[in-house]
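Asker: only geometry, no sequence info:
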């Protein structure tokens, strides 16, 4: 087991009707805030109005910035930074999913910085301070509601880059599973793929003696799989299934599950190129890439892959052949993704394989990739080709 | 699933050699501190000297208070409060196990209060502020290193009472598994019983639809059981087994595992009377009481007890008779405790059953007990009798 520090100061407020606490909790930090959202679903469902009521009651004033897109854009972050500086806002409340939250985190860093906020994503500068960010989560997926990560797309690139700094961890996050009833099935599915991937990135490690966190990872994956099936078997408004998925999405990415381990994270980098080039949803990109990544690594610590197949997918642990067991695990992972309506190949998502060389170069732009197995450009290209079925 | 708030701000610094960070971390909070410990093992092993070196290097001055006993006493807390006030200390660093940490938490509350610190434990006053407390943990057991709990024994009673307030949650805790190599087997065993009990108190709930946390509880219990066996099969200096146990002890009690659930906690209250009357170690009291508690409740949501037997103790989940499966689980729990050298009955620990009526009254002094099943004085008496084998 590796030495580690574990610290997660995000206060989680979870359950029915909890968005009513937004004003009261925000007022502990600031009286003038940026209210950041997509302008879509939270407006339509009336959620935004309820939050405004709650802010009003708590004596909090807000300036609104809407229009965040999936794969959130640098231009919107820059717009937010300018607005926050001009209006002298002290706090950012994100209402939405990972895109809105990541955009908010970018604005929070930029607000206290004189240069261009992209400097942090381009790894030219390290962010040491940011305005406090809080969230009302509407899409369980990215885990951004209690993480130190922000992923932003620079449209001029297309480059998708991440920042991971303690200063952008949300101070509180409100999670009401009822708010996810209206999610389209495809978005629910993408969220499930994203949270499973967050756990798998941590789970696939070469670090020996991580039994406790192995157990926690496996248990969380089983709970996600079972409850996703419940939702897709007609339980879109099944509060408890929605609640299990929502809380699992946070736990998947709050770093408890990686304590003592070295995670891999190659699949995320490989996927980021995919969604930057094709503007596909991150979760859908992961459902294409992750099975291909496992398939490519089938001889890399095969006993761990076989354990994964046994513990997470119920493959008979007494297989004589670990590799066959591991392959059966990949098969079931793909079947599961398919059953949620997710793509598991380039063809499923109508992606053009001719962009593979370009994406392979892109994925390696900061040097080598992955820890479970270190990948070169050639490896990444091979993984894209497995995913493309070519 | 219940609505919940989850917030745990303790920074965990985990791994080999981490006690060297004590000074640097403390200096972020204060320059004059109380250094609180038992005066026993940390002195003998040289740990205390290493911590003093680290404090010196960081420019932190300390006043020392030793002599904390297991089942920590009110008199020592009062002595600490007086000392902290006289010396105008700003921070308390606990070096030791749950007893030293709980004593430190008591002192931290008392330091900012004009009345008698027992008022908080007697539930006459609610603690809203306390000096910051931090810990260097030497005994994985109580989970006090990141919890909001402090349990103190009033020698004039004997009453053992707890306070649970956010203001006494440690700001940081240093966990180096190497420091536990020298623990006597009995103390290691008591710690294992304590952390298992912390999870079982949370696990045994009537709340339906808590699949994710069920999985996390079961996984943590399995990891504890397996790694305890490794230590007791001759691996006292097995770093990884010690590390799994140490981190599991924190996770068992940092409240993540109870999110969305209503825990029981009757066994703890029943045990507190036992260790207050007989001055037996808390973990040893729990290994006597918990199997009796399950046995008494065997018809209370039997499917959950059978699931516990299957998932945690490997009892065949396909038993036709849930009650038989559940009983087999109790049998294996007792066997496990016995294999660690722990008592599982009054006779094992040479306790006098004639004190049962007095303890039963004591356990109920604040009204009813337990949530999985609400216990009356008669119920508690019956549980003591099962434990006494009478």
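Answerer: Received the coordinates, thanks. This is a predicted model, so every value here is computed, not measured.
Asker: For the stretch 201-350 of chain A, which segments count as strands?
Answerer: Taking DSSP state E, counting those that start in this stretch, the stretch 201-350 of chain A contains no strands at all.
Asker: cool, the stretch 1-150 of chain A as well?
Answerer: Applying DSSP E, counting those that start in this stretch to the stretch 1-150 of chain A gives strands spanning A:4-14, A:32-37, A:61-65, A:92-96, A:133-137, A:149-154.
Asker: Can I get those strands in JSON lines including distance to residue B:229?
Answerer: All C-beta atoms are positioned from the backbone trio N, CA, C, and that covers glycine. Putting these into JSON lines (distance: least, CB to CB, whole Å) gives the following:
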{"stretch": "strand A:4-14", "distance to residue B:229": "24"}
{"stretch": "strand A:32-37", "distance to residue B:229": "51"}
{"stretch": "strand A:61-65", "distance to residue B:229": "56"}
{"stretch": "strand A:92-96", "distance to residue B:229": "46"}
{"stretch": "strand A:133-137", "distance to residue B:229": "41"}
{"stretch": "strand A:149-154", "distance to residue B:229": "38"}
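Asker: Nearest to chain B among those strands would be which one?
Answerer: Among the strands of the stretch 1-150 of chain A, the nearest to chain B by CB to the nearest CB is strand A:4-14 (4.1 Å).
Asker: so for the closest one, what's the average pLDDT?
Answerer: Mean pLDDT, strand A:4-14: 97.
Asker: Show me chain A divided up by domain.
Answerer: Annotated domains of chain A cover A:11-179, A:183-388 [automatic domain parsing].
Asker: possible to save those domains as JSON lines with mean neighbour count and distance to residue B:34?
Answerer: Converted to JSON lines, the domains of chain A look like this (neighbours: other CB atoms under 10 Å in any protein chain shown; distance: least, CB to CB, whole Å):
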{"stretch": "domain A:11-179", "mean neighbour count": "21", "distance to residue B:34": "29"}
{"stretch": "domain A:183-388", "mean neighbour count": "21", "distance to residue B:34": "30"}
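Asker: could those go into TSV alongside distance to residue B:54?
Answerer: Formatted as TSV, the domains of chain A follow (distance: least, CB to CB, whole Å):
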stretch	distance to residue B:54
domain A:11-179	23
domain A:183-388	23
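Asker: how about a markdown table for the ones you listed, with distance to chain B added?
Answerer: Output for the domains of chain A, formatted as a markdown table (distance: least, CB to the nearest CB, whole Å):
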| stretch | distance to chain B |
| --- | --- |
| domain A:11-179 | 3 |
| domain A:183-388 | 3 |
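Asker: Poorly predicted segments of the stretch 51-200 of chain A, please.
Answerer: Counting by pLDDT under 70, the stretch 51-200 of chain A shows no low-confidence range.
Asker: can you give me the helices for it?
Answerer: Under the criterion DSSP state H, counting those that start in this stretch, helices of the stretch 51-200 of chain A are mapped to A:74-87, A:98-110, A:118-121, A:185-203.
Asker: if you count residues, which helix in chain A comes out on top?
Answerer: Counting by DSSP state H, the longest helix found in chain A is helix A:211-232.
Asker: Now do it: which elements does it pack against?
Answerer: Where contact means 3 or more CB pairs under 8 Å, 6 or more residues apart in numbering or on different chains; DSSP states H and E, helix A:211-232 is packed against helix A:185-203, helix A:239-251, helix A:302-313, helix A:322-339, helix B:211-232, helix B:239-251.
Asker: by how many degrees do the second one and strand B:4-14 diverge?
Answerer: Looking back up the chat, that one is helix A:239-251. On the basis of axes from the mean of the first three to the mean of the last three CA atoms, to 10 degrees, helix A:239-251 is oriented at 30 degrees to strand B:4-14.
Asker: what comes into contact with helix A:239-251?
Answerer: With CB atoms under 8 Å, 6 or more residues apart in numbering or on different chains as the test, helix A:239-251 has contacts from A:12, A:14-16, A:137, A:140-143, A:145-146, A:173, A:175, A:177-178, A:180-181, A:188, A:191-192, A:194-195, A:220, A:223-224, A:227-228, A:230-231, A:235, A:257, B:1, B:208-209, B:211-212, B:216, B:256, B:259-260.
Asker: Try it again at 7 Å.
Answerer: Residues from elsewhere that reach helix A:239-251 (CB atoms under 7 Å, 6 or more residues apart in numbering or on different chains): A:12, A:14, A:140-141, A:143, A:145-146, A:175, A:177-178, A:180-181, A:191-192, A:195, A:220, A:223-224, A:227-228, A:230-231, A:235, A:257, B:1, B:209, B:211-212, B:259-260.
Asker: With the fifth one instead?
Answerer: Helix B:211-232 is contacted from outside by A:211-212, A:215-216, A:218-220, A:222-223, A:226-227, A:244, A:247-248, B:185, B:188, B:192, B:195-196, B:199, B:202-203, B:238, B:241-242, B:244-245, B:248, B:251-252, B:257, B:259-261, B:311-312, B:336, B:339-340, using CB under 7 Å, 6+ apart.
Asker: How about residue A:106, nearest residue that isn't a chain neighbour?
Answerer: Distances taken as CB to CB, 6 or more residues apart in numbering or on different chains put residue A:77 closest to residue A:106, at 3.8 Å, once the chain neighbours are dropped.
Asker: likewise residue A:24?
Answerer: Nearest residue to residue A:24, sequence neighbours excluded (CB to CB, 6+ apart): residue A:58, at 5.3 Å.
Asker: who touches the one you found in this structure?
Answerer: Counting by CB under 7 Å, 6+ apart, residue A:58 touches A:23, A:24, A:26, A:27.
Asker: hang on, isn't the first one packed against residue A:62?
Answerer: It refers to residue A:23. No - contact criterion CB atoms under 7 Å: residue A:23 and residue A:62 do not qualify, at 10.0 Å.
Asker: If anything else comes up later, I'll come back, but that's it for now.
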